[in-house]
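Participant: Sequence and predicted structure, then a few things I'm wondering about:
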Amino acid sequence: MTNARRTTTHRRSSPRRIARKPLAGSLAVAALLGGAWYATAATDNGDSATAAGTSASASTSASASPEAAAHSSPSTTGTATASASAKTSPKAAVQTATAAKVATGTLSPISTTVALVTKFPYLTAGYNNTREWTRTTTAVAPNGTLRVAWPAADGVHVTPLNAAGLRSGADTIVKGAKEVGGLVAHNDGFALLTRVADTNKWKETAAAIVRYTNGKQTFRTKLTGTASNDTSPGLDGQLTWNGSKYGAYFVVHGAGGFADGHFGDKLTYISAKGAKLSGGWSWGCSHNEGIALHAETSGAFTSLCFDDWRSGLFVSTGIGAPDVAPVVQREQCWAGYCGGTFPGRTGDLVKSASGRYATAFASRGAASAEKNSADSSGRGWTVTPRTSTHQVAVALMANRNSGPGKAIYLTSAAGTENVNVHIAPYGKDRLLVSWESLKGAKCAAGTCTGTFTGTHLRLIDWNGKVQGADKVVSARISGDIAVLKNGTLTWAYAPVTPTYATPLNGASPTTTSLRIARLTP
């Protein structure tokens, strides 16, 4: 836990910044306003699932319109799809396996389509109403089954899937839940980090972890409240599990005490039965613009944060506020400038078998970085960015207690903005980095508009060496990626073509289907 550190006033108390979190995290606002993203929420016929010659079940699902699919019950959809798979001829099965092998060898994901029982608003308004994908989280249970969490007007839906990415049952709907802040899949259910109703001076939601076992809620533990003088109007969080306890890392808003009206972050550990455990901290990085958390078998979970006061990305493991934390990268972290550096403000932090760590982020770099002389605390920093657009950067850390060397940049085009950056393990000794590019970028106040030019996939090794040219694919990576035991990467995304030409000045359009992508090294 960190001490109170309110020795100066600075941009954390800006009404503009404080207003951002409820805006970016509020599904209720997004669900009620009129649609403004004029992309068609229909099946993406250009997806590599069709080109790769996936199974009859995938092809049948992909050809159905989202509107028609939404009228099928969850159990009916799963049964019909499974039946179609069973009738696939041996010759077709061989062709499918061969095509899938070719597809994965060329970094082309294959996918299936899952019909949704209600509308999914797939966009969220970020800072300056920047278009951001509404977060979905895909998690794999020890037995290989999958869960996908996605928000809707009636709560957060958790959809069960089999290992092939096909629906295996009806959704569990977590009523009153407002955001997908993280998901852990268990053989008998799941745990969800989300926001729920609360009573406080700001009339904001509380962070909570909700556990379901065999279709029934077994606990709902609030992680903020009156006793701790905090709320959580936007989680931007992560939830991890090490086999015996959960770690929940998320943004908090002070509602009394030393932090009244300010934003920080909180790390809480929770037992398998929902009891709060020791460790973590109640107040950490200022205006955390990007959270990453990796569960460890013992000791503190490894964490990263983007802190606006110290202006940069820090290893915050076991420390809370990064007063003495290792610096991963200096960045101008005003709201919007490094906001969304982790996609949807989620965190991708990969650990190698030897104990090294890797993270990827959208970076404007630092032409200069120096202590802010106007900050009497001596902790503030002023960073002058090197570029106006965000480039794709990778940081490699020898261990969880040390910062890396110089960041490795995978892009450099000055007029191209890069967003929605992800990193994931790819086989035993490589990493998959993905991002979306916008050409002709026009930037103001840290956010950019531009013409979408594709989703890029690129392989690098653990030394940062590029393993071939990047591959532009039709699939999107818009949320947390699950890694199966055989190394296959799988994730859920809305089957639409994005546009970043203008801000999102209304709320999200909706879709009634999700694609479940699979990429096998």
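Facilitator: Received, thanks.

Participant: what about the closest residue to G182 other than its chain neighbours, how many residues close to it?
Facilitator: Nearest residue to G182, sequence neighbours excluded (CB to CB, 6 or more residues apart in numbering): L239, at 2.7 Å. Glycine gets a C-beta too; all of them are placed from N, C-alpha and C. L239 has 26 neighbouring residues, counting by other CB atoms under 10 Å.

Participant: part of a strand, is L239?
Facilitator: Yes: assessed with DSSP: H, G, I helix; E, B strand; the rest coil, L239 lies in a strand.

Participant: Looks like S278 contacts S271 (just checking).
Facilitator: No: counting by CB atoms under 8 Å, no contact exists between S278 and S271, whose distance comes to 10.7 Å.

Participant: Settle it for me: which of the two has more neighbours?
Facilitator: S271 (13 against 5).

Participant: Quickly list what the more buried one is bridged to.
Facilitator: Counting by DSSP bridges, S271 forms beta bridges with K245.

Participant: ok, now the one 5 residues further on?
Facilitator: Using DSSP bridges, the beta-bridge partners of K276 come out as I270.

Participant: and it, how many residues sit next to it?
Facilitator: Neighbours of K276 (other CB under 10 Å): 15.

Participant: how close does the closest residue to G415 other than its chain neighbours sit to V433?
Facilitator: Distance criterion CB to CB, 6+ apart; nearest residue to G415, sequence neighbours excluded, is A441 at 5.8 Å. With distances taken as CB to CB, to the nearest Å, A441 is found 20 Å from V433.

Participant: now swap in G169 and tell me
Facilitator: 34 Å.

Participant: who has more neighbours, the two?
Facilitator: V433 (25 against 14).

Participant: and that one, that one's in a helix?
Facilitator: No: in this structure, V433 is strand, not part of a helix, as judged by three-state DSSP.

Participant: Across the sheet, point out what pairs with it.
Facilitator: Bridge pairing for V433 - DSSP bridges - gives I423, R458.

Participant: per-residue confidence at it?
Facilitator: For V433, the pLDDT comes out at 95.

Participant: One more: W309?
Facilitator: pLDDT recorded at W309 is 82.

Participant: Setting aside sequence neighbours, what's the nearest residue to it?
Facilitator: Nearest residue to W309, sequence neighbours excluded (CB to CB, 6+ apart): S286, at 4.0 Å.

Participant: what's near enough to touch the residue nearest to G182?
Facilitator: Each residue near L239 by CB atoms under 8 Å, 6 or more residues apart in numbering is listed here: 181-184, 191-193, 209, 246-249, 293.

Participant: what's the pLDDT at it?
Facilitator: Per the predicted model, pLDDT is 96 at L239.

Participant: same question, G105
Facilitator: 53.

Participant: what sits opposite T449 in the beta ladder?
Facilitator: Residues in beta-bridge contact with T449 (DSSP bridges): K442.

Participant: what's the neighbour count on it?
Facilitator: There are 19 residues near T449, going by other CB under 10 Å.

Participant: do R386 as well
Facilitator: Neighbours of R386 (other CB under 10 Å): 14.

Participant: nearest spatial neighbour of it, skipping sequence neighbours?
Facilitator: Here the residue nearest R386, using CB to CB, 6+ apart, is G365, at 3.4 Å.

Participant: pretty sure the one you found contacts T389?
Facilitator: No: look at G365 against T389 with CB under 8 Å: they stay out of range, at 10.4 Å.

Participant: higher neighbour count, the two?
Facilitator: With neighbours defined as other CB under 10 Å, G365 and T389 compare such that T389 has more, 23 against 19.

Participant: list the contacts for the more buried one?
Facilitator: Neighbours of T389 in contact, by CB under 8 Å, 6+ apart: 364, 413-418, 441, 443, 448.

Participant: which one among the residues you listed gets closest to L514?
Facilitator: N418 (24.5 Å; CB to CB).

Participant: The helix or strand hosting the closest one - what's its average pLDDT?
Facilitator: Assigned by DSSP states H and E, N418 belongs to strand 417-426. Strand 417-426 carries an average pLDDT of 94.

Participant: cool, stretch 483-491 as well?
Facilitator: The pLDDT scores in stretch 483-491 average 96.

Participant: So what touches it?
Facilitator: Contacts of stretch 483-491 (CB under 8 Å, 6+ apart): 136, 138, 140, 144, 146, 163, 165, 424-428, 432, 477-482, 516-521.

Participant: so of these, which ones are in strands?
Facilitator: 136, 138, 140, 146, 424-426, 432, 479-480, 482, 516-519 (DSSP state E).

Participant: Please pick the buried ones from these.
Facilitator: Neighbour-count burial (16 or more other CB atoms under 10 Å) applied to the ones in strands among the contacts of stretch 483-491 gives 136, 138, 140, 146, 424-426, 432, 479-480, 482, 516-519.

Participant: And these, which two are furthest apart?
Facilitator: T136 and Y426 (20.8 Å).

Participant: And for I173, nearest residue in space, chain neighbours not counted?
Facilitator: G155 (4.9 Å).

Participant: returning to what we had before: any idea how far the residue nearest to G415 lies from C333?
Facilitator: Where C333 is concerned, A441 sits at a distance of 20 Å (CB to CB).

Participant: what does A325 give?
Facilitator: A325 is 14 Å from C333, by CB to CB.

Participant: Neighbour count: those two, which is higher?
Facilitator: C333 (30 against 25).

Participant: which SS state does the more buried one fall under?
Facilitator: Strictly by three-state DSSP, C333 counts as coil.

Participant: Quick check on it: phi, psi?
Facilitator: Main-chain torsions, C333, degrees, to the nearest 10: phi -100, psi 30.

Participant: Isn't it up against D308?
Facilitator: Yes: using CB under 8 Å, C333 is in contact with D308, at 4.2 Å.

Participant: Common neighbours of those two, please.
Facilitator: Joint contacts of C333 and D308 (CB under 8 Å, 6+ apart) are 287, 289.

Participant: Just the element for the residue lying closest to V473 once chain neighbours are set aside, please.
Facilitator: Nearest non-adjacent residue to V473, counting by CB to CB, 6+ apart: T455, 5.4 Å away. Using DSSP H and E, T455 sits within strand 447-461.

Participant: Quick one: mean pLDDT for that strand?
Facilitator: Strand 447-461 comes out at a mean pLDDT of 95.
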